[in-house]
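> Here is my input, please return the structure:
(one chain, ligands or ions: 1)
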Amino acid sequence: MEAKQLSDQVRVEFLNAIESASDLAALEKLRISVLGKKGRLSELMRALGSLEPKQRQAAGMVFNLLKTELTEAITARRVALDSEQLLADLSEQGMDVTAPARPEQAGTVHPVSQVLDELTEIFADMGFVVAEGPDIETEFNNFTALNIPPEHPARQMHDTFYFREKKDGARPVLRTHTSPVQIRTMTSESPPHRIIIPGRTYRHDYDITHTPMFHQLEGLVIDRDIHMGHLKGCLIDFARLFFEVEDLPLRFRPSYFPFTEPSAEVDIGCSIKDGVRHIGAGEEWMEILGCGMVNPRVLQNCGLDPSEWQGFAFGVGIDRIAMLKYGIRDLRGFFDCDLRWLKNYGFSALDLPTLGQGLSR
Ligand code: PHE
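Okay, the predicted model is just below:
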């Protein structure tokens with residue numbers, strides 16, 4: 001028989017059978033019986049070996065075309081059977097809307113990030129904008145320009161992380177506070193300024209309330225006719241909003257910083273019951289920040305005329321007030337990267353900020 005005739009015979013027989021195959025098992029059987037090693041088409045192709053080269057080539061082409069045609073038909077039928085099966089399964093079993101959802105790992109917001117958001121919200125409402133600076137600073141910005149002379153104890157090795165001395169004699173430091181960004185701001189932009197500066201700071205220290213890296217938020221206001229009353233009003237508002245205690249008592253205790261004059265440390269009222277600290281009027285005081293009027297020498301170091309411009313500055317430990325507000329006892333846990341700690345002390349990213357809740361209560 002001619003190759004063409006044989007091919008047509010097989011085509012008619014199998015295309016019909018494939019079309020009417022009722023399930024995947026029947027389809028697979030058909031595939032094997034025509035395309036399998038011992039299948040009909042494979043046998044026909046094997047028989048080509050005994051033909052003359054010319055005839056062999058012509059017949060080979062005919063059978064190859066048929067092979068492609070049958071393979072495509074089988075694939076199409078398989079897809080159709082698959083989706084029929086899926087529809088049947090779905091209508092038979094229905095969809096179980098009560099099935100538990102796949103467990104999802106929800107992340108939490110670190111207390112430092114949470115408190116930073118709260119602080120930014122409070123100071124943004126007072127018209128402050130955020131400024132930033134590098135962690136590696138010059139001795140000039142970190143100390144000298146801030147009126148901290150070389151013999152000042154803050155410069156001693158036990159406090160400050162110094163880098164190796166450069167060829168030109170400069171010794172960069174890991175900034176020991178966020179105050180150098182005061183200098184960066186005042187020397188690069190003209191006043192007035194109303195900025196907060198959050199960032200990482202570094203000191204050679206390690207115990208339950210000190211880690212070598214910690215976070216500060218600096219505030220700086222420079223304008224005409226700024227006085228101590230502005231400083232007090234700003235910080236009283238801040239502390240009451242942050243700790244969510246409307247009549248929180250504050251105490252401005254005289255202190256000393258080389259870059260402010262006069263200087264003060266701010267304490268908030270609290271009480272301790274059964275070893276737990278409660279923030280609000282009580283018999284105890286708790287220090288939360290340092291502040292003061294910007295020292296005229298600092299203004300001069302930045303090229304500002306102190307008779308024209310005045311201002312105040314403050315620096316608060318972000319981790320420290322986070323510990324206070326949220327009752328976290330050991331600072332070291334903040335930086336251990338232990339997920340169990342974060343699950344316990346972290347905040348849901350989807351909740352309203354506690355600050356918002358506290359203020360509207
Ligand atoms: N820089 C000071 C410190 O780290 C804090 C401070 C900032 C005090 C601004 C006064 C004014 O201790």
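> Any residues of this structure in contact with the ligand? List them.
For the chain, the residues in contact with the ligand (Cβ under 6 Å from any ligand atom) are His177, Ser179, Glu218, Phe257, Thr260, Gly290, Cys291, Gly292, Ala313, Phe314, Gly315. Any C-beta I mention is one placed from the backbone N, CA and C, and that applies to glycine too.
> Save those residues as a markdown table, and put in pLDDT, secondary structure and neighbour count too.
Listed next are these as a markdown table, based on pLDDT from 0 to 100; DSSP: H, G, I helix; E, B strand; the rest coil; neighbours: other Cβ atoms under 10 Å:
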| residue | pLDDT | secondary structure | neighbour count |
| --- | --- | --- | --- |
| His177 | 96 | coil | 25 |
| Ser179 | 98 | coil | 29 |
| Glu218 | 98 | strand | 23 |
| Phe257 | 94 | strand | 22 |
| Thr260 | 98 | strand | 25 |
| Gly290 | 97 | strand | 21 |
| Cys291 | 98 | strand | 24 |
| Gly292 | 98 | strand | 23 |
| Ala313 | 98 | strand | 27 |
| Phe314 | 98 | strand | 22 |
| Gly315 | 98 | strand | 22 |
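> how much space between the residue in the stretch 101-250 of the chain that the ligand sits nearest to and Cys234?
Closest approach between the stretch 101-250 of the chain and the ligand, counting by Cβ to the nearest ligand atom: His177, at 3.3 Å. Look at His177 and Cys234: by Cβ to Cβ, to the nearest Å, they are 19 Å apart.
> give me the number of residues near the residue nearest to Ala3 when sequence neighbours are not counted?
The shortest distance from Ala3 to any non-neighbouring residue, by Cβ to Cβ, 6 or more residues apart in numbering, is to Ala59 (3.5 Å). For Ala59, the count of nearby residues is 20 (other Cβ atoms under 10 Å).
> Ok, Leu304 next?
20.
> Could you report the separation of it from Phe242?
Taken as Cβ to Cβ, the span from Leu304 to Phe242 is 30 Å.
> next structured bit after the helix or strand containing Thr71?
Element membership for Thr71 (DSSP states H and E) is helix 53-93. Proceeding N to C from helix 53-93, the next assigned helix or strand is strand 108-109, under DSSP H and E.
> that older thread, what is the helix holding Thr71 packed up against?
Applying 3 or more Cβ pairs under 8 Å, 6 or more residues apart in numbering; DSSP states H and E, one finds that helix 53-93 makes contact with helix 3-20, helix 24-35, helix 40-47.
> Output those helices as JSON lines; include the columns mean pLDDT.
Converted to JSON lines, those look like this (pLDDT from 0 to 100):
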{"stretch": "helix 3-20", "mean pLDDT": "91"}
{"stretch": "helix 24-35", "mean pLDDT": "93"}
{"stretch": "helix 40-47", "mean pLDDT": "90"}
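> picking that back up, surely the residue nearest to Ala3 is in contact with Glu52?
No: Ala59 lies out of contact with Glu52 (Cβ atoms under 8 Å); the separation is 10.0 Å.
> pLDDT weak spots in the stretch 101-250 of the chain?
Within the stretch 101-250 of the chain, the stretches with pLDDT under 70 are 157-158.
> In it, what residue spans correspond to strands?
108-109, 129-130, 136-137, 173-174, 193-202, 213-223, 250-257 (DSSP state E, counting those that start in this stretch).
> How is this structure divided into domains?
Domain segmentation of the chain under automatic domain parsing yields 3-93, 111-349.
> tell me the most buried of those?
Neighbour counts (mean count of other Cβ atoms under 10 Å) averaged over each of the domains of the chain peak at domain 111-349, with a mean of 17.
> So what's the gap between that one and the chain middle?
23 Å (Cα atoms, centre = their mean, to the nearest Å).
> quick one, what contacts the residue nearest to Ala3?
The neighbourhood of Ala59, defined by Cβ atoms under 8 Å, 6 or more residues apart in numbering, consists of Ala3, Leu48, Leu51.
> Out of the residues you listed, which is nearest to the ligand?
Leu48 (91.3 Å).
> Name the nearest residue to the closest one, sequence neighbours excluded.
Arg56 (5.0 Å).
> For Arg46, see how far away the one you found is.
12 Å.
> ok, now Ile268?
Ile268 is 95 Å from Arg46, where distance means Cβ to Cβ.
> And for Gln9?
Applying Cβ to Cβ to Gln9 and Arg46 gives a distance of 17 Å.
> before we move on, what about Ser190?
From Ser190 over to Arg46 (counting by Cβ to Cβ), the distance is 93 Å.
> Over to Ser348?
70 Å.
> So in terms of bridging, what pairs with the residue of the stretch 201-350 of the chain found nearest the ligand?
Here the stretch 201-350 of the chain gets closest to the ligand at one residue, Gly315, 2.7 Å apart by Cβ to the nearest ligand atom. Assessed by DSSP bridges, Gly315 has beta-bridge partners Glu218, Gly290.
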